[in-house]
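Student: following is a predicted model, sequence given first.
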Amino acid sequence: MEEEKELIELAGSVQSVIYKNEENGYTVLRLVDSNGELVTVVGCFPYAAAGESMIISGSWMTHNVHGRQFKAEYAQRLLPTSASAIYDYLAQGAVRGIGPAIASLLVNRFGEDTLDVLERSPEKLAQIKGISPQKAQQMSEIFRKQTGLRRLMEFICSYGLRPILAIRMYRYYADSAVAILQENPYILAASHIGGSFAEADEMALELGIELKSDNRIAAAALFELEYNAGGGHCFIPRDKLALVTGQMIGVEPERIDETLGEMIGDGRISFEQIAGCDACYLPRLYEAECHTAARIAAMSERKYALHMDFSTLIASLEARQGIRYAPRQRETLQMALENQIIVITGGPGTGKTTSIRAILSMFDRLGIKTLLTAPTGRAAKRMTELTGCEASTVHRLLGARFAEDEENVVFSKNASDPLECGAVILDECSMVDISLMSALLEAMPADARLVLVGDADQLPSVGPGDVFSAILRSEAVPAVRLTEIFRQRGESRIVRNAHMINRGEHPDLSENAGDFFRLKRFQAAGTIETITELCSTRLPGKMHISSEEIQVLSPTRKGELGTINLNRSLQEALNPPAKEKKEKPFGSVVFREGDRVMQIHNNYEIMWRSEDNTAAGSGIYNGDIGVITQIDPEQESLTVSFDGRLAVYSFDQLLELEHAWAMTVHKAQGSEYRAVILALCPTSQMLSTRDILYTAVTRAKELLILVGDDQIAYQMIDNVRQSRRYNALRVRIRRNCGMADK
């Protein structure tokens, strides 16, 4: 492919759009230039449509397959002005909901003023027979949105930035987005927009912001704190923050430290000397950590007197459940009676679920209203199935929603409107980050009990903090460590091998028997082929485990054995193209009716309704798994069923979904599947760790199959690398309890 570097100008009108990528705006179109010649143009033209005019700056190139093309660098785009061009523009679907018939009605009525009426006077559209006021308003809103978003995309593209940032900016700021960016381009690096600091900085420098300006340094420092919060850190030591910020923007650490001092002074950064560090926090994380520590310390000191015979109570519970509690479980029940807060931890098969059921039954006997909750939808569903009582996600329990600024999350349940309960049992507590724990504690009545349940050896939360581990290590909260593997699961090789892995021992992977198997493969192609066969034919045919009950896991998203590539192969095998299945290409993937998909961000606003129309609500959360039931090209929407809850996504929301036949071990945490297939693949040391292997193995309920090289599994067992998370929750709890630091 050869290119001429000199930019030249090309003017014309769009005849047709050959290809468009709605994720990044890349488009291939046919343009009739000023000489009447038909030209192929490639470049970033979001929402391009036939009939619009363009003045494009770019250069000619010759593609080795597609021939001579004009590669656009910049474009000035003009909506059509003549009646015939406006008809072409609307008739070819430029505005959702307007096809040839309606386009003809509009142009015949309003002629060259059609687009102006469409944007500014929707009430005039309703004067046309067949167009209701509601339909007119809807068409006008869609046109205004597309026009505003297109202008925003052009503005962002002019700085060489990704068009997807425009979609997110428009979702939050609508027509004010350009003005906001001109005033503060660093908004692009905010977590809700998802741009990198480098992208925001590129725009800022072009807009004339100085290299050592306070605004630039402050934005860089906040970005570092936000970025590291995503890696689990609640704070960063001040000297390290100055160093990494300076390295990122090419400014000496001493100058950075000056600005940090100003930010600490005006409250943009919270600062405290704690845990041996000069700790710099994002204010929200500082408040969450301090609040969590104070509340847990206060709860840990509150005791309850027993007003009944404990042995009689236990005997009645055992008779009701038809079991006999082990000594450690009896101890757990007594601790739950006597203390406002307790922690229960243990590996698979050690009786955590039995303890939850017993405590729930005991609280019921005592007339204590108990709420059950877990961090993810799948964990809450499993809790419901195992206890027979309704459980919900923590977000749903607290009524999570976006604040008016559409940036921050707020909860309906809080200190002003607390939960109505006498106790809360929180399962899979290792997944809960500091912000969510603080919100839950704030929403609990002052005298309510709290039972924290989890496996301390699983992966920590994705978000900031190491809450469950810190509470345990504080030694301030009454805790029970369940270690006995009970007889009914004692023969499970999944359970036995999981405990061996956790102890750092190498299980015999050649012992293919029971519920734990290893299929040795040394090449990625063979591994993919085997995994695909297991899901599509071997397990459904030989073991009567349907593909819907199988979950493929990988430590990583990228690479030949990462989830992205595995999902492509599994989609082809489990949900191939068919005439009756509608599809929606989006970026590098194709969403198809029948696909298994996962929500990858918390979305508190998306509406859902039950399949039988008896219930409705809002909120689909990170990790929720569903199936695409319908794709509607005309409405540009896609419907997903999440365990009977139907949620509708517009096409510009598809970044919130990804295929889920295969998922990372991190995403699977808190879930349990009938069968798990783990791809053993070479990846980074950070992802080849014992806790990742342990977490993957403990996701399997009836069957676990490792596919790959044994040595990778053994290397993971031997790699006990655990990155240090900067947080001070353990120290704060001990201080609040009057305990000495250690």
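Tutor: Here it is on my side, so go on. None of these values were measured; they are calculated from a predicted model.
Student: mind showing which ranges of this structure have poor pLDDT?
Tutor: 1-5, 22-24, 403-408, 486-490, 722-723, 742 (pLDDT under 70).
Student: Thr62: neighbour count?
Tutor: Using other CB atoms under 10 Å, Thr62 has 12 other residues around it. For every residue, glycine as well, the C-beta is placed using N, CA and C.
Student: which strand or helix spans it?
Tutor: strand 53-63 (DSSP states H and E).
Student: swap in Ile564?
Tutor: helix 563-574.
Student: one more: Arg609?
Tutor: strand 603-610.
Student: what lines up beside the next helix or strand after the strand holding Thr62 in the sheet?
Tutor: Per DSSP H and E, strand 53-63 leads on to strand 67-78 as the next helix or strand towards the C-terminus. When pairing is defined by DSSP bridges, strand 67-78 lines up against strand 38-44 (parallel), strand 53-63 (antiparallel).
Student: just those strands: most buried one?
Tutor: strand 38-44 (a mean of 19; mean count of other CB atoms under 10 Å).
Student: ok, residues contacting it?
Tutor: Contacts to strand 38-44, defined as CB atoms under 8 Å, 6 or more residues apart in numbering, come from residues 10, 12, 15, 18, 24-33, 54, 56, 58, 66-73, 75, 153, 157, 163.
Student: 6 Å - rerun?
Tutor: 25, 28-33, 69-72, 157 (CB atoms under 6 Å, 6 or more residues apart in numbering).
Student: over to stretch 321-337?
Tutor: Contacts of stretch 321-337 (CB under 6 Å, 6+ apart): 318, 342, 351, 355, 358-359, 362, 478, 480, 482.
Student: longest helix in this protein, please.
Tutor: If you go by DSSP state H, the chain has its longest helix at helix 133-157.
Student: quick one: it to chain centroid distance?
Tutor: Offset of helix 133-157 from its chain centre (CA atoms, centre = their mean, to the nearest Å): 27 Å.
Student: same question for stretch 353-373.
Tutor: The answer for stretch 353-373 is 31 Å, by CA atoms, centre = their mean.
Student: sort out which residues of that stretch are buried, please.
Tutor: 354-363, 370-373 (16 or more other CB atoms under 10 Å).
Student: ok, stretch 537-551 next?
Tutor: 539-540, 545, 547, 550-551.
Student: show me what secondary structure element comes after the strand holding Arg609.
Tutor: Downstream of strand 603-610 (by DSSP H and E), the next one is strand 616-620.
Student: helix or strand next in line after that next one, which one?
Tutor: With secondary structure assigned by DSSP H and E, strand 616-620 is succeeded by strand 625-632.
Student: show me what that following strand is packed against.
Tutor: With contacts taken as 3 or more CB pairs under 6 Å, 6 or more residues apart in numbering; DSSP states H and E, strand 625-632 sits against strand 596-599, strand 637-642.
Student: what's the shortest one packed up against?
Tutor: Right, strand 596-599. strand 625-632, strand 657-659.
Student: any idea of the angle the longest one forms with strand 616-620?
Tutor: Between the axes of strand 625-632 and strand 616-620, defined by axes from the mean of the first three to the mean of the last three CA atoms, to 10 degrees, the angle is 110 degrees.
Student: how about the helices and strands packed on strand 596-599, which one is nearest Ile128?
Tutor: Among these, the nearest to Ile128 by CB to CB is strand 625-632 (24.4 Å).
Student: for the closest one, list the C-alpha coordinates in PDB.
Tutor: Output of strand 625-632 as PDB, limited to C-alpha atoms (Å, rounded to 0.1, in the frame of the first residue of the first chain):
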ATOM      1  CA  ILE A 625     -25.200 -13.300  32.200                       C
ATOM      2  CA  GLY A 626     -27.900 -13.400  29.600                       C
ATOM      3  CA  VAL A 627     -29.000 -14.500  26.200                       C
ATOM      4  CA  ILE A 628     -29.700 -12.300  23.200                       C
ATOM      5  CA  THR A 629     -33.400 -12.900  22.300                       C
ATOM      6  CA  GLN A 630     -34.000 -10.300  19.700                       C
ATOM      7  CA  ILE A 631     -32.100  -7.900  17.400                       C
ATOM      8  CA  ASP A 632     -34.200  -5.100  15.900                       C
END
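Student: pull out the buried positions in it.
Tutor: Result for strand 625-632 [16+ other CB under 10 Å]: buried residues 625-628, 631.
Student: swap in stretch 627-646?
Tutor: 627-628, 631, 636-642, 645-646.
Student: contact partners of it?
Tutor: 96, 582, 584, 593, 595-596, 608-611, 624, 626, 647-651.
Student: surely Thr698 meets Ala498?
Tutor: Yes - between Thr698 and Ala498 there is a contact under CB atoms under 6 Å: 5.2 Å.
Student: which neighbours do these two have in common?
Tutor: By CB under 6 Å, 6+ apart, the residues touching both Thr698 and Ala498 are Pro348.
Student: ok, back up a step: so how far is whatever helix or strand comes next after the longest helix of the chain off the chain centroid?
Tutor: Downstream of helix 133-157, the next assigned helix or strand under DSSP H and E is helix 163-173. In terms of CA atoms, centre = their mean, the gap separating the centre of helix 163-173 from the centre of its chain is 18 Å.
Student: render the CA-only coordinates of the helix or strand that helix 163-173 is followed by in CSV, please.
Tutor: Where DSSP H and E defines the elements, the next helix or strand beyond helix 163-173 is helix 177-183. Extracted as CSV, the C-alpha positions of helix 177-183 are listed here (Å, rounded to 0.1, in the frame of the first residue of the first chain):
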residue,chain,number,x,y,z
ALA,A,177,-20.2,18.1,25.6
VAL,A,178,-18.1,20.2,23.2
ALA,A,179,-18.2,23.3,25.5
ILE,A,180,-17.2,21.1,28.5
LEU,A,181,-14.3,19.6,26.6
GLN,A,182,-13.1,23.0,25.5
GLU,A,183,-13.1,24.1,29.1
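Student: show residues contacting helix 177-183.
Tutor: 152, 155, 169-170, 173, 187.
Student: what's the angle from whichever helix or strand comes after it to helix 133-157?
Tutor: Remark: after helix 177-183, the chain's next helix or strand is helix 197-206, criterion DSSP H and E. Angle, helix 197-206 to helix 133-157, by the same axes, to 10 degrees: 80 degrees.
Student: show the contacting residues for the residue nearest to Arg734 when sequence neighbours are not counted.
Tutor: Using CB to CB, 6 or more residues apart in numbering and skipping the chain neighbours, the partner closest in space to Arg734 is Ser474 (5.4 Å). Residues in contact with Ser474 (CB under 6 Å, 6+ apart) are 730, 733-734.
Student: if we go to 10 Å?
Tutor: 293, 296-297, 300, 343, 729-737, 739 (CB atoms under 10 Å, 6 or more residues apart in numbering).
Student: farthest pair in the residues you listed?
Tutor: Across those (CB to CB), the longest gap, 18.9 Å, separates Val343 and Arg735.
Student: neighbour-wise, which of those two wins?
Tutor: Between Val343 and Arg735, counted using other CB under 10 Å, the more crowded position is Val343 (24 against 18).
Student: element containing the more buried one, please.
Tutor: Using DSSP H and E, the element containing Val343 is strand 341-346.
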